[in-house]
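S.K.: got a predicted model here, sequence first, then my questions.
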Amino acid sequence: MLEELKKRVYEANMLLPKYGLVTFTWGNVSEIDRETGYFAIKPSGVDYEKLRPEDMVIVDLDGKVVEGHYNPSSDTPTHVELYKAFSNIGGIVHTHSPWATSWAQAGRGIPCYGTTHADYLYGTVPCVRNLTKEELKAYEVNTGVLIAEAFQTNDYEAMPAVLCKNHGPFTWGKDGLEAVHNAVVLEEVAKMGARCEMINPKVGPAPQELMDKHYYRKHGENAYYGQ
Ligand SMILES: O=C(CO)[C@@H](O)[C@@H](O)COP(=O)(O)O
């Protein structure tokens, strides 16, 4: 079932070790087929070297496995919540990439300090709060619910990334590949932001006009540069 989707999701997952975004199996990519409402996701705990396209697990938007010989990623319920909340996205990535995860563990959003950030991410990358003891009973579901809540006041298309406190980043995009692209951008931006604060602890965010110039020339109706 959905063999082409599984292949795409496999290939997108294999980009995570290629770009240094995962250690061991600490990450996952999924992509949804909006017609069927099924998505393919990496199986849980399978080494990247051993991963094959046919190992991708097909899941529905109730979080039920439709097809697969492995368990789906442990983060599957979070992917489900994000697909339900963000109707225009087609792919999701979760990693524990070290720089983005360091900001997440510190509980801080990443301010926009420069044009690389502004080219892809409009404004501060938000960091969502810890889950309460009660919320932790359905940890992965509530991680997704919390992200969706945070984006009631944020544009998920202009900010395709989030940090979850004490956990790590999620990114999304029109498909799995774009979500991976955004995960790579996020990690670079997280690294540069941390170094920027180290070099100049008093640094402030990039001017709004510069941020607008860079973001809007690549996004929206009047964009004149592709990504
Ligand atoms: O969040 C975590 C671990 O803290 C998980 O994302 C990570 O280990 C990946 O788990 P899966 O192998 O996808 O089940």
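M.R.: Noted; the coordinates are in hand. Numbering: from 1, shown residues only.
S.K.: any idea of the mean pLDDT for the strand or helix carrying residue 213?
M.R.: Assigned by DSSP states H and E, residue 213 falls within helix 208-216. On average, the pLDDT along helix 208-216 is 95.
S.K.: elements contacting the one helix or strand residue 145 maps to?
M.R.: Applying DSSP H and E as the criterion places residue 145 in helix 139-150. Using 3 or more CB pairs under 8 Å, 6 or more residues apart in numbering; DSSP states H and E as the contact test, the elements touching helix 139-150 are helix 76-85, strand 127-128, strand 161-164. Every C-beta, even on glycine, is put in place using the N, C-alpha and C of the backbone.
S.K.: distance from the shortest one to the middle of the chain?
M.R.: Relative to its parent chain, strand 127-128 has a centroid offset of 13 Å by CA atoms, centre = their mean, to the nearest Å.
S.K.: relative to that strand, what are the paired strands and their orientations?
M.R.: Strands that pair with strand 127-128, judged by DSSP bridges, come out as strand 161-164 (parallel).
S.K.: contacts for stretch 22-30, please.
M.R.: Here stretch 22-30 makes contact (CB atoms under 8 Å, 6 or more residues apart in numbering) with 9, 12-13, 15-16, 21, 39-42, 44-48, 59, 73, 75-76, 79, 91-97, 176, 179-180.
S.K.: for this protein, which residues are neighbours of the ligand?
M.R.: 25, 26, 27, 28, 42, 44, 45, 73, 74, 75, 94 (CB under 6 Å from any ligand atom).
S.K.: looking at the residues you listed, point me to the pair that's furthest apart.
M.R.: Pairwise distances across the residues of the chain next to the ligand peak at 14.0 Å for 45 and 94 (criterion: CB to CB).
S.K.: of the two, which one has the most company?
M.R.: residue 94 (31 against 11; other CB atoms under 10 Å).
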